[in-house]
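Participant: Build me a structure from this.
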Amino acid sequence: MIAVEISGETLTLTVDYFDQLSERIYNSLVSAIIDVIRELKNLVVLGYLSGQVLKQVSGRLASSIAEDIEQTADAITGKVVQRYDLAPYGHVHEQGGSFIIPAHIRHLKNGREVAVSSYIMEVPRRSFMEAALQELAERIKDRLVSAVRGAL
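Facilitator: Numbers count the residues shown, from 1 in each chain. This is a model prediction of the structure:
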(Lines give C-alpha, C1' and ligand atoms only; values in the text may rest on other atoms or scores of the structure.)
Protein backbone atom coordinates (compact mmCIF):
# COMPACT_ATOMS: atom_id res chain seq x y z
CA MET A 1 0.00 0.00 0.00
CA ILE A 2 1.16 3.53 -0.75
CA ALA A 3 -0.41 6.26 1.36
CA VAL A 4 0.02 10.02 1.38
CA GLU A 5 -1.21 11.86 4.46
CA ILE A 6 -1.33 15.54 5.32
CA SER A 7 -1.51 16.08 9.06
CA GLY A 8 -0.90 19.51 10.51
CA GLU A 9 2.46 20.63 9.21
CA THR A 10 3.56 17.16 8.03
CA LEU A 11 3.34 15.49 4.63
CA THR A 12 3.82 11.74 5.00
CA LEU A 13 4.44 9.17 2.28
CA THR A 14 4.29 5.54 3.44
CA VAL A 15 4.92 2.34 1.53
CA ASP A 16 4.23 -0.84 3.51
CA TYR A 17 3.71 -4.61 3.23
CA PHE A 18 7.37 -5.34 2.53
CA ASP A 19 7.14 -8.88 3.77
CA GLN A 20 6.03 -9.76 0.25
CA LEU A 21 8.71 -7.78 -1.55
CA SER A 22 12.24 -8.72 -2.45
CA GLU A 23 15.21 -6.91 -0.97
CA ARG A 24 15.98 -5.47 -4.41
CA ILE A 25 12.51 -3.88 -4.69
CA TYR A 26 12.71 -2.66 -1.10
CA ASN A 27 16.09 -0.99 -1.71
CA SER A 28 14.82 0.55 -4.94
CA LEU A 29 11.78 1.99 -3.12
CA VAL A 30 13.93 3.34 -0.29
CA SER A 31 16.07 5.18 -2.84
CA ALA A 32 12.99 6.47 -4.68
CA ILE A 33 11.33 7.70 -1.49
CA ILE A 34 14.50 9.50 -0.41
CA ASP A 35 14.62 11.17 -3.83
CA VAL A 36 10.96 12.24 -3.90
CA ILE A 37 11.00 13.51 -0.31
CA ARG A 38 14.12 15.55 -1.09
CA GLU A 39 12.46 16.89 -4.27
CA LEU A 40 9.30 17.74 -2.34
CA LYS A 41 11.28 19.57 0.37
CA ASN A 42 13.21 21.51 -2.29
CA LEU A 43 10.00 22.54 -4.04
CA VAL A 44 8.54 23.77 -0.73
CA VAL A 45 11.68 25.72 0.24
CA LEU A 46 13.02 26.92 -3.12
CA GLY A 47 9.67 27.33 -4.87
CA TYR A 48 6.74 28.00 -2.62
CA LEU A 49 8.66 29.75 0.20
CA SER A 50 10.86 31.78 -2.13
CA GLY A 51 8.22 33.81 -3.88
CA GLN A 52 5.82 31.37 -5.54
CA VAL A 53 3.38 31.53 -2.59
CA LEU A 54 5.20 33.41 0.17
CA LYS A 55 8.07 35.85 -0.09
CA GLN A 56 11.00 35.04 2.15
CA VAL A 57 11.59 37.68 4.81
CA SER A 58 13.80 36.20 7.54
CA GLY A 59 14.24 32.67 6.22
CA ARG A 60 12.96 31.15 9.48
CA LEU A 61 10.00 29.42 7.84
CA ALA A 62 12.14 27.96 5.05
CA SER A 63 14.73 26.74 7.56
CA SER A 64 11.97 25.06 9.59
CA ILE A 65 11.20 22.65 6.72
CA ALA A 66 12.84 19.28 7.32
CA GLU A 67 12.80 15.84 5.75
CA ASP A 68 12.62 12.60 7.67
CA ILE A 69 12.89 9.03 6.41
CA GLU A 70 11.95 6.15 8.72
CA GLN A 71 12.45 2.50 7.83
CA THR A 72 10.93 -0.40 9.72
CA ALA A 73 10.67 -4.06 8.86
CA ASP A 74 7.35 -3.52 7.11
CA ALA A 75 7.26 0.12 5.99
CA ILE A 76 9.20 3.06 4.65
CA THR A 77 7.90 6.46 5.66
CA GLY A 78 9.16 9.70 4.16
CA LYS A 79 8.08 13.00 5.64
CA VAL A 80 8.46 16.67 4.87
CA VAL A 81 7.79 18.49 8.14
CA GLN A 82 7.38 22.12 9.09
CA ARG A 83 8.97 22.36 12.54
CA TYR A 84 6.63 24.38 14.72
CA ASP A 85 9.36 25.06 17.29
CA LEU A 86 11.40 26.99 14.69
CA ALA A 87 8.55 28.88 13.01
CA PRO A 88 5.30 28.69 14.98
CA TYR A 89 3.45 30.79 12.40
CA GLY A 90 3.97 28.27 9.56
CA HIS A 91 0.72 26.43 10.14
CA VAL A 92 -1.19 29.72 9.99
CA HIS A 93 0.15 30.39 6.48
CA GLU A 94 -0.54 26.79 5.41
CA GLN A 95 -4.10 26.64 6.75
CA GLY A 96 -5.04 30.30 7.08
CA GLY A 97 -6.54 31.66 10.26
CA SER A 98 -5.75 33.95 13.13
CA PHE A 99 -2.35 34.72 14.58
CA ILE A 100 -2.05 36.50 17.92
CA ILE A 101 0.52 39.28 17.91
CA PRO A 102 1.55 39.97 21.52
CA ALA A 103 2.00 43.47 22.89
CA HIS A 104 5.47 44.74 22.09
CA ILE A 105 7.62 47.80 21.56
CA ARG A 106 8.15 48.86 17.95
CA HIS A 107 11.47 50.57 17.24
CA LEU A 108 11.05 53.23 14.55
CA LYS A 109 13.75 54.33 12.14
CA ASN A 110 13.94 57.75 13.74
CA GLY A 111 14.97 56.15 17.05
CA ARG A 112 11.60 56.50 18.76
CA GLU A 113 9.86 53.60 20.43
CA VAL A 114 6.12 53.04 20.24
CA ALA A 115 4.12 50.63 22.40
CA VAL A 116 1.92 48.33 20.31
CA SER A 117 -1.03 46.60 21.95
CA SER A 118 -1.70 42.91 21.39
CA TYR A 119 -3.89 42.24 18.35
CA ILE A 120 -5.16 39.43 16.16
CA MET A 121 -3.91 39.26 12.59
CA GLU A 122 -6.09 37.43 10.05
CA VAL A 123 -3.94 35.48 7.59
CA PRO A 124 -5.37 34.05 4.35
CA ARG A 125 -4.56 30.44 3.44
CA ARG A 126 -1.31 30.33 1.45
CA SER A 127 -0.51 26.65 1.19
CA PHE A 128 3.12 25.79 0.61
CA MET A 129 3.18 22.16 1.84
CA GLU A 130 -0.04 20.74 0.40
CA ALA A 131 0.32 22.77 -2.80
CA ALA A 132 3.82 21.36 -3.37
CA LEU A 133 2.56 17.83 -2.78
CA GLN A 134 -0.28 18.32 -5.26
CA GLU A 135 2.16 19.68 -7.83
CA LEU A 136 4.43 16.64 -7.49
CA ALA A 137 1.77 13.96 -6.91
CA GLU A 138 1.93 12.41 -10.38
CA ARG A 139 5.72 12.57 -10.50
CA ILE A 140 5.92 10.88 -7.08
CA LYS A 141 3.59 8.10 -8.20
CA ASP A 142 5.51 7.64 -11.46
CA ARG A 143 8.85 7.57 -9.62
CA LEU A 144 7.66 4.87 -7.19
CA VAL A 145 6.18 2.74 -9.98
CA SER A 146 9.40 3.16 -11.95
CA ALA A 147 11.44 2.10 -8.91
CA VAL A 148 9.49 -1.13 -8.60
CA ARG A 149 9.60 -1.85 -12.32
CA GLY A 150 13.32 -1.16 -12.44
CA ALA A 151 13.94 -3.63 -9.64
CA LEU A 152 11.98 -6.47 -11.25
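Participant: residue ranges with poor pLDDT in this protein?
Facilitator: Counting by pLDDT under 70, the chain shows low-confidence ranges at 1-21, 74.
Participant: Can you name every helix or strand that the strand or helix carrying L144 contacts?
Facilitator: Assigned by DSSP states H and E, L144 belongs to helix 129-151. Packing partners of helix 129-151 (3 or more CB pairs under 8 Å, 6 or more residues apart in numbering; DSSP states H and E): strand 2-7, strand 10-16, helix 23-42, strand 75-82. The C-beta positions use only the backbone N, C-alpha and C, and glycine is treated the same way.
Participant: buried set for that helix?
Facilitator: Residues of helix 129-151 classed as buried by neighbour count (16 or more other CB atoms under 10 Å): M129, A131, A132, L133, E135, L136, I140, R143, L144, A147, A151.
Participant: can you tell me which residues contact the last one?
Facilitator: This means A151. Listed by CB atoms under 8 Å, 6 or more residues apart in numbering, the contact set of A151 reads S22, R24, I25, N27, S28, L29.
Participant: Let me know how buried the third one is, in neighbour terms.
Facilitator: Per other CB atoms under 10 Å, the neighbour tally for I25 reads 17.
Participant: now swap in the fifth one and tell me
Facilitator: Each residue near S28 was counted by other CB under 10 Å, and the total is 20.
Participant: Pretty sure it sits against R149.
Facilitator: No - judged on CB atoms under 8 Å, S28 makes no contact with R149 at a distance of 9.0 Å.
Participant: Mind putting the contacts of A151 into a markdown table with distance to K79?
Facilitator: Listed next are these as a markdown table, based on distance: CB to CB, whole Å:
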| residue | distance to K79 |
| --- | --- |
| S22 | 25 |
| R24 | 25 |
| I25 | 22 |
| N27 | 20 |
| S28 | 20 |
| L29 | 15 |
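Participant: now, among these, which is nearest to V36?
Facilitator: Ranked by distance to V36 (CB to CB), the contacts of A151 are led by L29 at 10.3 Å.
Participant: is it true that the closest one touches R149?
Facilitator: No - look at L29 against R149 with CB under 8 Å: they stay out of range, at 11.3 Å.
Participant: mind checking how far the helix holding L144 is from the chain centre?
Facilitator: From the chain centre to the centre of helix 129-151 is a distance of 15 Å (CA atoms, centre = their mean, to the nearest Å).
Participant: Then stretch 116-133?
Facilitator: With CA atoms, centre = their mean as the basis, stretch 116-133 stands 15 Å off its chain's centre.
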